[in-house]
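> Okay, here's the prediction I keep looking at, along with the sequence it came from:
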Amino acid sequence: MTTLQSSSLVCSSAARGIRATLQAPKLRHLSMPKLPTRDLVEELNMRSGYTTTTQIEMKPQTTTTTTTSTRDDNGTSSSKVIRELYAIMESAADRAEMHTNMGEQRDNWNHLLLTSINAITVAAATMAGIAATGGMGAPLVALKLSSTLLYSAATGMLLVMNKIQPSQLAEEQRNAARLFKQLHGKMQTTLALRSPTPMDAKDAMAKVLALDKAYPLPLLGTMLDKFPATVEPAVWWPQLRGPAEQEGLGGKTERNGWSGKLEEEMREIVGVLKRKDTEEYMRLSKIVLNINKILAISGPLLTGLAAVGSAFVGSPHGSWAVFLGVVAGALASLVNTLEHGGQVGMVFEMYRSSAGFFRLMEEEIESNLKEREVERRENGKLFEMKVALQLGRSLSELKDLAASSSRNGKATKEFGSKLF
């Protein structure tokens, strides 16, 4: 009996031990590390300076495909416009270099032809004077013939020189080189500030072609008329936007930098430029053109008369021949020096280009004012600053000019520009 009780006690103890062994400590007492959640990953990326594209990747497949296609199309179109604009920029830079080189060459023409013709004329006058001192026989004939040939050569060279006006040609090329450099800089600014549009490339192409037409490089066929019947300002820009019905802002409202007051100021500036600056430079252009015409006719005429006079030196009526051969030759040298040494043709082109500069300013201001949609205009504050800089004025001086013109109307005597 005692043995059975002991056996039962052992069995019960063994069973409790087995149960105790099977009942291990509960897992709640162990802390397992949590897996990183989406919010935690994003927070760590933000602290590390990285960005995540989890949201884009979680979009439906159809949406992702459509977005990628649109981006590719826009990128391809923008890349094409950028390539076009860079090609136009290269052409503008090349043309600027070409016009610079041609300008230097034609300026050299002016100096070399002036020196050569004056030297020929003085030599011919000297020979005519020596022949009139009483030479006889072969020496007299040689001096007369040499003087006549030299005067004839000077007459032909003067006709060509007065026709092409090398000093005016050089000024045209200088203007063209400056304007092509300016256009090149504007295209660089467009690429630096924003993505260009097809309209930017189209406008740049039109401006290049307009400059080619305004300042041609060849002399034969396309050279500008150096003695036009009517004087017009130089035009080197394509036609701006057509007129539209005026819709002023009025009041103190301001959109895109424009206000009713600024519009009125710009209209007054246009009036001043038309009444004073453009009109004044057109008047000066006509005066210089008339002077150049007189000098261009007088030079070859005097050398031609001198050639005729030198041919009759030593004849029974040789007194008038000597007068023509010597005095006309000296006057021809003086006239040639005044015309080409004074570069009268260059002065005419400078005045004509200045009038064109003011005409361009007028058209740009009017084009902005006639645009119905204010957002499509150039920013008003920026445009006002550009106008002030082009006229050599501060913003306060520009406002004072507009106010003075508004008070006095046509009676104002102040010019718009302080540069020219």
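It's in. Numbering: from 1, shown residues only.

> tell me which element residue 264 is part of?
Under the criterion of DSSP states H and E, residue 264 resides in helix 260-272.

> Now that helix: buried residues?
Within helix 260-272, the residues that qualify as buried are 262, 263, 264, 265, 266, 267, 268, 269, 270, 271, 272, counting by 16 or more other C-beta atoms under 10 Å. From N, CA and C alone the C-beta is placed, and that goes for glycine too.

> cool, and stretch 80-94?
81, 84, 85, 88, 89, 91, 92.

> Pick the one among the buried residues of helix 260-272 closest to residue 199.
Closest approach to residue 199 among the buried residues of helix 260-272 (C-beta to C-beta): residue 266, at 23.7 Å.

> thinking again about what came up before, and the buried residues of helix 260-272 as CSV, adding pLDDT?
Formatted as CSV, these follow (pLDDT from 0 to 100):
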residue, pLDDT
262, 92
263, 92
264, 92
265, 92
266, 93
267, 93
268, 92
269, 93
270, 93
271, 91
272, 92
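
> what is the mean pLDDT for the host helix or strand of residue 94?
Secondary structure assigned from DSSP H and E places residue 94 in helix 61-131. Average pLDDT, helix 61-131: 82.

> helices or strands up against the next helix or strand after that helix?
Using DSSP H and E, the helix or strand that follows helix 61-131 in sequence is helix 137-164. If you count contacts as 3 or more C-beta pairs under 8 Å, 6 or more residues apart in numbering; DSSP states H and E, helix 137-164 packs onto helix 61-131, helix 279-311, helix 329-336.

> one more time with 10 Å, if that's ok
Counting contacts by 3 or more C-beta pairs under 10 Å, 6 or more residues apart in numbering; DSSP states H and E, helix 137-164 is packed against helix 61-131, helix 279-311, helix 329-336, helix 344-369.

> Run through who's touching stretch 387-398.
Stretch 387-398 has contacts (C-beta atoms under 10 Å, 6 or more residues apart in numbering) with 265-266, 268-270, 272-273, 277, 357-358, 360-361, 364-365, 381, 384-385, 399-401, 415-420.

> Give the buried subset of these as a ChimeraX selection command.
Selecting the buried subset of these in ChimeraX, with 16+ other C-beta under 10 Å as the burial test, is done by:
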select :265,266,268,269,270,272,273,277,357,358,360,361,364,365,384,399,401,415,416,417,420
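
> if we can go back for a sec, could you export the helices and strands packed on helix 137-164 to JSON lines, including columns for distance to residue 153?
Listed next are the helices and strands packed on helix 137-164 as JSON lines, based on distance: least, C-beta to C-beta, whole Å:
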{"stretch": "helix 61-131", "distance to residue 153": "6"}
{"stretch": "helix 279-311", "distance to residue 153": "9"}
{"stretch": "helix 329-336", "distance to residue 153": "12"}
{"stretch": "helix 344-369", "distance to residue 153": "22"}
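
> looking at those helices, which is closest to residue 162?
Among the helices and strands packed on helix 137-164, helix 279-311 sits nearest to residue 162 (C-beta to C-beta), with 4.0 Å.
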